[in-house]
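*Asks:* Got a predicted model here, sequence first, then my questions.
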Amino acid sequence: MLNELRDLICEYVEVDESKVGEDSKFIEDLGFNSYDLMCLVGALEEKYDMEVNEKEVANLRTVKDAIRYIEAAI
């Protein structure tokens, strides 16, 4: 799951793959802005055939948060 998410993250922001770990914070560590994050969420919804509640996007602060959310949803 981490590798798949890492690949998606690198499509939306310019960051070295080696800097993307489970504890990486989307905004502080990886350079996401709110638009980038919403685009990533859209890609995750499509890739995993799921829907992310808009209110819960704010809780997706780290890569690990996103992995947990995806695993619970699928």
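*Replies:* Looks like it came in fine.

*Asks:* Return the helix or strand in this structure with minimum mean pLDDT.
*Replies:* Least confident element among the helices and strands of the chain, by mean pLDDT, DSSP states H and E: helix 54-57 (a mean of 86).

*Asks:* Can you tell me what sits against that one?
*Replies:* 37-38, 41, 69 (CB atoms under 8 Å, 6 or more residues apart in numbering). All C-beta spots, glycine's among them, are computed from the backbone N, C-alpha and C.

*Asks:* So which bits of it are buried?
*Replies:* Across helix 54-57, burial judged by 16 or more other CB atoms under 10 Å covers Val57.

*Asks:* now the next helix or strand after it, how far from the chain's geometric center?
*Replies:* Note on helix 54-57: by DSSP states H and E, the next helix or strand toward the C-terminus is helix 63-73. Computed by CA atoms, centre = their mean, to the nearest Å, the chain-centroid distance of helix 63-73 equals 9 Å.

*Asks:* Relative to Asp65, how far out is Ser24?
*Replies:* Computed as CB to CB, to the nearest Å, the Ser24 to Asp65 distance reads 10 Å.

*Asks:* re earlier: derive a PyMOL selection command for the buried subset of the contacts of helix 54-57.
*Replies:* Those of those that count as buried under 16+ other CB under 10 Å are selected in PyMOL with:
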select buried, resi 37+41+69
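
*Asks:* Need the max-distance pair from the contacts of helix 54-57.
*Replies:* Met38 and Tyr69 (14.6 Å; CB to CB).

*Asks:* and Met5, how many residues sit next to it?
*Replies:* For the record, residue 5 is Leu, not Met. Using other CB atoms under 10 Å, Leu5 has 19 other residues around it.

*Asks:* for Ala73, same thing?
*Replies:* Using other CB under 10 Å, Ala73 has 14 neighbouring residues.
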